[in-house]
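Engineer: Let me see the structure of the following:
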Amino acid sequence: NLDEKQGIIDKYPEDVVNKKYSETSLGRQPAAKTFEENIEFAKKHSALYGLEVDDTMSPAEIRDYLLAQGESQEDADASVRADGFILGNKIIINREVAMAKDAVTVGSHELLHGILRKAMGEGAISTQVISQLKRSIGSQWSVVQERIDANYTPEYMELNPDEYLTLVSDAIAKEEITYE
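Structural biologist: Below is the predicted model:
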């Protein structure tokens, strides 16, 4: 959790923190600023992949939008609890939920879904690729598995194997998975 990480970081002098963390890491930057920068990054780069970012809708407006697009009532209702997702060529960011969940990397997470789907195509991420990823990460895979267990059904993960890669990316960005 970002608050816990910030609490740890705050125990050290700023020069030590700045030396330890690069310009691109979370460091001492407030979560809201990281969130905004991440959304701007996604907006800037989404067009390269035929996507656009919409972070302007309230949860109720997101639900109505999904229904207007022909999505099921169940999916529309679930959307109000999601921090972000892709529908067609649109990355939809639910700012209210994302900020409540400290999902500061939601923009790049959803953009990565779009990039992976475009680059790899359907079915390109096999169970063998996921197994190799688990082996390479080792015991740190538990971070990814905990997030899967808390947020996704086995059926969803089977239909959306790119989720494994985006979850690993998030964990690396948050330094929950490290490589020495």
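Engineer: quick one: low-confidence ranges for this structure?
Structural biologist: For the chain, applying pLDDT under 70 flags the ranges 1-29, 120-124, 180.
Engineer: Point to the residue nearest the middle of it.
Structural biologist: Central residue of the chain (C-alpha atoms, centre = their mean): His109, 3.2 Å from the mean position.
Engineer: So it is in contact with Thr166, correct?
Structural biologist: Yes. With contacts counted by C-beta atoms under 8 Å, His109 reaches Thr166, the gap being 5.1 Å. In this view, the C-beta of every residue, glycine as well, is placed from N, C-alpha and C.
Engineer: ok so, going back, figure out the helix or strand that the residue nearest to the centre of the chain lives in.
Structural biologist: In this assignment (DSSP states H and E), His109 forms part of helix 106-120.
Engineer: For that helix, which helices and strands make contact with it?
Structural biologist: helix 31-46, strand 52-54, strand 84-87, strand 90-93, helix 162-173 (3 or more C-beta pairs under 8 Å, 6 or more residues apart in numbering; DSSP states H and E).
Engineer: who's in contact with the closest residue to Ala98 other than its chain neighbours?
Structural biologist: Distance criterion C-beta to C-beta, 6 or more residues apart in numbering; nearest residue to Ala98, sequence neighbours excluded, is Asp83 at 3.9 Å. Listed by C-beta atoms under 8 Å, 6 or more residues apart in numbering, the contact partners of Asp83 are Ile93, Asn94, Val97, Ala98, Lys101, Ala103, Val106.
Engineer: if we go to 10 Å?
Structural biologist: 92-107, 109-110, 151 (C-beta atoms under 10 Å, 6 or more residues apart in numbering).
Engineer: Relative to Leu48, how far out is Thr56?
Structural biologist: The spacing between Thr56 and Leu48, counted by C-beta to C-beta, to the nearest Å, is 21 Å.
Engineer: same deal with Gly107?
Structural biologist: Computed as C-beta to C-beta, the Gly107 to Leu48 distance reads 14 Å.
Engineer: Neighbour count: those two, which is higher?
Structural biologist: Gly107 (28 against 11; other C-beta atoms under 10 Å).
Engineer: The more buried one and His113 touch, don't they?
Structural biologist: No. Counting by C-beta atoms under 10 Å, Gly107 stays clear of His113, with 11.1 Å between them.
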